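Engineer: whatever this is, show me its structure:
(one chain, ligands or ions: 2)
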Amino acid sequence: MRGRTLPRPGRLGLTGGIGSGKSTVSAWLAAQGAHLVDTDAISRELTQAGGGAIEPLRRAFGDQAIGPDGALDRQKMRELVFGDPDAKRRLEALLHPLIGQEAARRAAQATPGQMVVFDVPLLVESRLWRTRVDQVLVVDCTPERQVARVMQRSGLSDEAVRAIMAQQAPRSLRLAAADVVISNDKDTLAPLHEALAALWAQWHPV
Ligand SMILES: CC(C)(COP(=O)(O)OP(=O)(O)OC[C@H]1O[C@@H](n2cnc3c(N)ncnc32)[C@H](O)[C@@H]1O)[C@@H](O)C(=O)NCCC(=O)NCCS
Ligand SMILES: Nc1ncnc2c1ncn2[C@@H]1O[C@H](COP(=O)(O)OP(=O)(O)OP(=O)(O)O)[C@@H](O)[C@H]1O
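Structural biologist: Ligands and ions are numbered 1, 2, ... in the order given. The predicted model follows:
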């Protein structure tokens, strides 16, 4: 763990590059009692069949963006946006306001005093998100580790993972925006859980 000793945040922004370990960290924080708002999960719900983003997506990208099951064709959209910055901007302009609204609604369901953890892959890239949280926790690992994890998890090629990473903030920028950095560069969970337990203890002194 690296960073200044800061008080326990009410609203914690959790971010990191693809495959860095955000979901693993957010699951650990939720198990300790934090209220988790997962923007990737919100995005997937909005783009499933019948989701609030489907008709706007159809209007913006045409029928071919929607699969026969009525959900966003994720593979097609991934291939389109991670090779075309303009298409990526259009997709984000459509989805991000909807994701932001739903994230605010879910955050309001926290109980009084409960820490809210916003898991936001693009937090550092977004000026708006930076204003919505008290502190930024960055989960960090090497780009090589990111590629290996995502290839293993998703079956995407090395090239496809690197194309996504090229569309995200560089590691240096993310680290510069962090209040706290948790390193997740090993291939076992124990060192990560240890670092998280130390951070949690710092937030909850006895
Ligand atoms: C392009 C899409 C269809 C690809 O779907 P896919 O199932 O392959 O990925 P999934 O949504 O599970 O996201 C996985 C990871 O990809 C990365 N990622 C997703 N969207 C973006 C983006 N706009 N820019 C950079 N990286 C992104 C993040 O690290 C994310 O954790 C999808 O990611 C999407 O709709 N993205 C736009 C919405 C968005 O910006 N989401 C980020 C959360 S706010
Ligand atoms: N310390 C670790 N030891 C072993 N496996 C790990 C570790 N950290 C993460 N992983 C695995 O690597 C993969 C990516 O982790 P995780 O899903 O938490 O990352 P993420 O940052 O949420 O990814 P994404 O940006 O794609 O949503 C998962 O399969 C996870 O189980």
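Engineer: can I get the CA coordinates of the longest helix seen in the chain in PDB?
Structural biologist: Longest helix in the chain, counting residues (DSSP state H): helix 85-107. The C-alpha coordinates for helix 85-107 follow below in PDB (Å, rounded to 0.1, in the frame of the first residue of the first chain):
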ATOM      1  CA  PRO A  85     -11.900   6.900 -31.200                       C
ATOM      2  CA  ASP A  86     -14.900   8.700 -32.700                       C
ATOM      3  CA  ALA A  87     -17.200   5.700 -32.200                       C
ATOM      4  CA  LYS A  88     -15.900   5.300 -28.700                       C
ATOM      5  CA  ARG A  89     -16.700   8.900 -27.900                       C
ATOM      6  CA  ARG A  90     -20.300   8.400 -29.300                       C
ATOM      7  CA  LEU A  91     -20.800   5.300 -27.300                       C
ATOM      8  CA  GLU A  92     -19.600   6.900 -24.100                       C
ATOM      9  CA  ALA A  93     -21.600  10.100 -24.700                       C
ATOM     10  CA  LEU A  94     -24.700   7.900 -24.800                       C
ATOM     11  CA  LEU A  95     -23.900   5.500 -22.000                       C
ATOM     12  CA  HIS A  96     -22.000   7.600 -19.400                       C
ATOM     13  CA  PRO A  97     -24.900   9.900 -18.400                       C
ATOM     14  CA  LEU A  98     -27.200   6.800 -18.000                       C
ATOM     15  CA  ILE A  99     -24.500   5.000 -15.900                       C
ATOM     16  CA  GLY A 100     -23.900   8.200 -13.800                       C
ATOM     17  CA  GLN A 101     -27.700   8.500 -13.000                       C
ATOM     18  CA  GLU A 102     -28.000   4.900 -12.000                       C
ATOM     19  CA  ALA A 103     -24.800   5.000 -10.000                       C
ATOM     20  CA  ALA A 104     -26.200   8.000  -8.000                       C
ATOM     21  CA  ARG A 105     -29.500   6.100  -7.400                       C
ATOM     22  CA  ARG A 106     -27.700   3.000  -6.100                       C
ATOM     23  CA  ALA A 107     -25.300   5.100  -3.900                       C
END
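Engineer: adjacent strands (with direction) for the next helix or strand after that helix?
Structural biologist: Sequence order places strand 116-119 as the next helix or strand after helix 85-107, per DSSP states H and E. Using DSSP bridges, the neighbouring strands of strand 116-119 in the sheet come out as strand 11-15 (parallel), strand 35-38 (parallel).
Engineer: need the residues that contact strand 116-119.
Structural biologist: Outside strand 116-119, the residues within contact range by Cβ atoms under 8 Å, 6 or more residues apart in numbering are 10-15, 22-23, 26, 29-30, 34-40, 103, 107, 110, 129, 132-133. Just so you know, the C-beta spots here come from the backbone N, C-alpha and C atoms, and that holds for glycine as well.
Engineer: so which elements touch the very next helix or strand once past it?
Structural biologist: Following strand 116-119 in sequence order, the next helix or strand is helix 127-132 (DSSP H and E). Applying 3 or more Cβ pairs under 8 Å, 6 or more residues apart in numbering; DSSP states H and E, one finds that helix 127-132 makes contact with strand 11-15.
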